[in-house]
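A.B. asks: give me a 3D structure for the following:
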Amino acid sequence: MANSGVIIGGTIAGIAIIFAVFISLNPIIQDSELGLAVTNGNHLEKFGDVTESKMSLIQLFQKAEPAVIQVNTKKIPNENLEEETPGGVGSGFVYDENGHVITNHHVIDDAIKITVTFLDGESYAAKIVGSDADLDLAVLKVDARNSYLHHLELASSSELKVGQQVVAIGNPFGLSGSMTSGIVSQIGRLLPQESGYSIPNVIQTDAAINPGNSGGPLLNMNGDVIGINTAIQSETGEFTGVGFAIPSDTVKKITPILIRDGEIRHPWIGISGVDIDYELAEIRGLDSTKGFLIVSVLEGSPAEKAGLLGVDITKEIDGREVPMDGDIITKIDGKVVRKIADILVHLQMEKIVGDEMVLTILRDGEVMDKTLFLGERPSN
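C.D. replies: Numbering: from 1, shown residues only. The predicted structure follows:
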């Protein structure tokens with residue numbers, strides 16, 4: 001059986017999410033085909049309460065391709081070597097007319113030289129304006145004197161529906177300006193990072209995403225960006241029909257901050273734990289399988305200062321160590337918490353460092369509110 005692994009710039013750590021949508025030069029090219037269903041002409045398509053102007057795939061590509069760029073990097077593999085390595089290839093797209101370009105953090109991480117190439121063939125040196133490893137986002141600045149800066153608009157990813165048609169454009173295997181088509185196969189996924197933190201609310205798609213697509217746009221059928229292609233799930237390194245994109249709502253919030261400050265200060269509670277499942281709810285006598293159980297509270301964290309409690313008592317039942325106490329978070333600022341993803345999304349989209357937040361918890365059968373002030377998340 002093939003080993004699974006997280007691959008970011010060639011490193012491996014043990015789960016089956018592959019950040020291999022960034023590729024070194026001279027790759028071993030693997031065959032991957034996806035049928036493209038071409039729709040002739042424009043029409044309106046309604047997704048629930050969302051009405052979207054739907055282009056044909058040909059029209060969409062013609063609109064978006066000029067804004068999609070190729071990102072080339074050169075790196076020194078370690079401090080003992082003075083010569084540059086061959087580098088790698090990723091994707092990105094023009095964010096505004098000031099020359100800001102959005103890509104993935106893992107595309108430009110540790111790069112000593114970055115160049116971007118536009119559709120017209122012109123290449124320019126790029127500098128990093130801001131970057132965040134935990135959200136895998138980076139903003140570059142390009143002085144594109146001889147190229148027309150055609151930028152893409154960011155749509156709202158909150159309006160996405162499962163089954164909605166989407167398109168990915170990028171540079172898979174260094175093949176510039178390639179397009180694939182598929183659907184949104186799920187929303188609200190958690191995407192783990194090497195730092196130990198996860199990107200919440202990630203879009204899952206079956207549009208083919210391969211090495212070199214990293215940082216390129218995932219587009220709706222109006223040609224607007226609804227995500228940044230970031231990773232695939234695979235046990236072999238080959239595309240298997242499951243790709244992931246950072247949602248555009250996250251990009252909308254984070255990009256202006258990266259341009260202004262160069263970095264992000266993430267709000268932080270300071271807890272670790274597990275989602276409530278059926279077995280745990282049955283053993284603990286809970287009425288619902290919704291909620292998040294606090295297993296541990298970090299010393300000096302906002303959670304500790306607010307008096308939140310982790311697990312002290314466990315009991316072995318059928319070979320499983322079951323936590324018999326510990327606070328269970330059921331609401332956050334009045335919103336129901338189903339799983340940890342609800343907490344992470346609320347923190348990322350609604351809160352900043354220093355904000356007040358109210359957690360509704362269940363402790364020993366009693367419901368109570370705990371107010372805390374969010375700190376800044378440590379780097380690991």
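
A.B. asks: could you pull out the helices for the stretch 101-250 of the chain?
C.D. replies: Taking DSSP state H, counting those that start in this stretch as the test, the helices found in the stretch 101-250 of the chain are 105-108, 248-261.

A.B. asks: strand partners (parallel or antiparallel) of whatever helix or strand comes next after the last one?
C.D. replies: To tie it back to what came earlier, the one meant is helix 248-261. Downstream of helix 248-261, the first helix or strand assigned by DSSP states H and E is strand 267-268. Counting by DSSP bridges, the strands paired with strand 267-268 are strand 375-376 (antiparallel).

A.B. asks: any weak-confidence spans in the stretch 201-350 of the chain?
C.D. replies: Residue ranges of the stretch 201-350 of the chain with pLDDT under 70: 236-238.

A.B. asks: cool, the stretch 1-150 of the chain as well?
C.D. replies: 1-53, 77-86.

A.B. asks: try 50 this time
C.D. replies: For the stretch 1-150 of the chain, applying pLDDT under 50 flags the ranges 1-45, 47-50.

A.B. asks: before we move on, back to that, just send the helices of the stretch 101-250 of the chain back as a markdown table, with mean neighbour count and distance to residue 282 too.
C.D. replies: C-beta coordinates here come from the backbone N, C-alpha and C atoms, glycine included. Converted to a markdown table, these look like this (neighbours: other CB atoms under 10 Å; distance: least, CB to CB, whole Å):
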| stretch | mean neighbour count | distance to residue 282 |
| --- | --- | --- |
| helix 105-108 | 26 | 41 |
| helix 248-261 | 18 | 36 |
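
A.B. asks: is it true that residue 62 lies in a strand?
C.D. replies: No: using DSSP: H, G, I helix; E, B strand; the rest coil, the assignment for residue 62 is helix, not a strand.

A.B. asks: next, give phi and psi for residue 283.
C.D. replies: Backbone dihedrals for residue 283, given as degrees, to the nearest 10, come out at phi -70, psi -40.

A.B. asks: now it, nearest residue through space, not along the chain?
C.D. replies: Counting by CB to CB, 6 or more residues apart in numbering, residue 322 is the residue found nearest to residue 283 once chain neighbours are left out, at 5.4 Å.

A.B. asks: contacting residues for the one you found?
C.D. replies: 279, 280, 283, 314, 315, 316 (CB atoms under 8 Å, 6 or more residues apart in numbering).

A.B. asks: what of residue 136?
C.D. replies: 19, 104, 105, 106, 193, 199, 230, 246.

A.B. asks: the same query, at a cut-off of 10 Å, please.
C.D. replies: Residue 136 sits next to 8, 19, 103-107, 109, 191, 193-194, 199, 202, 214-215, 228, 230-231, 244, 246 when contact means CB atoms under 10 Å, 6 or more residues apart in numbering.

A.B. asks: and the contacts of residue 322, which of them are buried?
C.D. replies: For the contacts of residue 322, a burial check counting by 16 or more other CB atoms under 10 Å picks out residue 280.

A.B. asks: now, among the contacts of residue 322, which is nearest to residue 331?
C.D. replies: Within those, the smallest distance to residue 331 is 18.6 Å, found for residue 280 (CB to CB).

A.B. asks: save the helices of the stretch 101-250 of the chain as TSV, and put in distance to residue 305 too.
C.D. replies: Listed next are the helices of the stretch 101-250 of the chain as TSV, based on distance: least, CB to CB, whole Å:
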stretch	distance to residue 305
helix 105-108	31
helix 248-261	26
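
A.B. asks: out of the ones you listed, nearest to residue 120?
C.D. replies: Ranking those by proximity to residue 120 (CB to CB) places helix 105-108 first, at 21.5 Å.

A.B. asks: can you pull the contacts of residue 61?
C.D. replies: Shown in contact with residue 61 (CB under 10 Å, 6+ apart): 36, 55, 68, 167, 169, 177, 178, 179, 181, 219, 223.

A.B. asks: the same query, at a cut-off of 7 Å, please.
C.D. replies: residue 179 (CB atoms under 7 Å, 6 or more residues apart in numbering).

A.B. asks: list the contacts of the residue most central in space within the chain.
C.D. replies: The centroid of the chain falls nearest to residue 246 when counting by CA atoms, centre = their mean (3.3 Å). Taking CB under 7 Å, 6+ apart, we find residue 246 in contact with 135, 136, 137, 199, 202, 227, 228, 230.

A.B. asks: for it, give its distance to residue 122.
C.D. replies: Applying CB to CB, to the nearest Å, the value for residue 246 to residue 122 is 27 Å.

A.B. asks: still on that earlier bit, now do the closest residue to the residue nearest to the centre of the chain other than its chain neighbours against residue 58, distance only.
C.D. replies: Leaving out its chain neighbours, the residue that sits closest to residue 246 by CB to CB, 6+ apart is residue 228, at 4.3 Å. Separation of residue 228 from residue 58 (CB to CB): 24 Å.

A.B. asks: of those two, who's got more company?
C.D. replies: Using other CB atoms under 10 Å as the criterion, residue 228 and residue 58 rank with residue 228 on top: 29 against 13.

A.B. asks: could you tell me how far stretch 117-134 lies from the centre of the chain?
C.D. replies: Per CA atoms, centre = their mean, to the nearest Å, the displacement of stretch 117-134 from the mean C-alpha position of its chain is 19 Å.

A.B. asks: what's the distance between residue 210 and residue 159?
C.D. replies: Counting by CB to CB - residue 210 and residue 159 are separated by 27 Å.
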